[in-house]
Each structure stands twice: as C-alpha cells, then as structure tokens.
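Participant: Fold the following, please.
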Amino acid sequence: QVQLVESGGGLVQAGGSLRLSCRASGIFFNVNTMAWYRQCPGEQRELVAKITDGGITNYPDSVKGRFTISRDNAKNTVYLQMDSLKPEDTAVYYCSATPPFTQTFWGQGTQVTVSS
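Facilitator: This is a model prediction of the structure:
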C-alpha cells in the first residue's frame, strides 16, 4: 500500500520560511519522480516543484529562487524549503510520487497559510 505523508505546514508571516516534508512508503522511492503541488479553493492544482530520480529539479517562475525541493533517498523523504513566503503562496500543498510507467500517487495535503 502506497502512502505519502506530508508534514510541516502551518501559519507564517509574509517573508518567513517553512519546510515541508513528505515521507513515502510502499514504493521504490529511489526510482520515483517526486513533486509538490498546491491548490487553492476553486482553483486547479498547480505544480510547485519537481525532482527526478536523477536529482533534476524544475520550478515554475512563481516560486523560482524562493522554493527548493530536495530528496533523501535513505529516508524515503522529499522536502520543500519555502523562503520569502508571500500571501499568494497560501494553499494546500500536496506531495506526489510518480514511478516509471504507472500512475501518480498523492498525499493527503498540508495547509500553508501566509499572513500579510
């Protein structure tokens, strides 16, 4: 059974930082592309950061230079370091795991709220 468990969300003031963690189980973590998405009420889920099994990262312009994704294969964990947070970063953040040639798995989400 695949499980992705996010943690680290919360309330922070604008300009502050948070680090999200996502621990995976039930998958061969090393071969998965891991990613973070976020979703606001009434809006589509959007990609925030992605890291391949080879460590290649990808970010949209909205977070580039402020967010950093990393992975620790020994701990089956992916991280999202979020710095210089803005109120528009407020959303539910989801972790995802995509193994080769199969479906994407999702975590339950963690709320991030940035106050102005």
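Participant: Quick one: the strands in the chain, in order.
Facilitator: For the chain, the strands identified by DSSP state E occupy 3-7, 10-13, 18-25, 33-39, 46-51, 57-58, 67-72, 77-82, 91-98, 105-106, 110-115, in order along the chain.
Participant: Val48 and Ile69, how far apart?
Facilitator: Distance, Val48 to Ile69, using CB to CB, to the nearest Å: 8 Å. Where C-beta positions appear, they are placed from N, C-alpha and C, glycine not excepted.
Participant: coming back round to it: with mean neighbour count and mean pLDDT added, can I get the strands of the chain in JSON lines?
Facilitator: What follows is those, written out as JSON lines (neighbours: other CB atoms under 10 Å; pLDDT from 0 to 100):
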{"stretch": "strand 3-7", "mean neighbour count": "17", "mean pLDDT": "96"}
{"stretch": "strand 10-13", "mean neighbour count": "12", "mean pLDDT": "98"}
{"stretch": "strand 18-25", "mean neighbour count": "19", "mean pLDDT": "97"}
{"stretch": "strand 33-39", "mean neighbour count": "22", "mean pLDDT": "97"}
{"stretch": "strand 46-51", "mean neighbour count": "19", "mean pLDDT": "98"}
{"stretch": "strand 57-58", "mean neighbour count": "14", "mean pLDDT": "98"}
{"stretch": "strand 67-72", "mean neighbour count": "18", "mean pLDDT": "98"}
{"stretch": "strand 77-82", "mean neighbour count": "23", "mean pLDDT": "98"}
{"stretch": "strand 91-98", "mean neighbour count": "22", "mean pLDDT": "97"}
{"stretch": "strand 105-106", "mean neighbour count": "16", "mean pLDDT": "96"}
{"stretch": "strand 110-115", "mean neighbour count": "17", "mean pLDDT": "98"}
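Participant: In the beta-sheet assignment, what are the partners of the residue nearest the centre of the chain?
Facilitator: Closest residue to the average C-alpha location of the chain: Trp36 at 2.6 Å, with CA atoms, centre = their mean. Residues in a beta bridge with Trp36, per DSSP bridges, are Ala49, Cys95.
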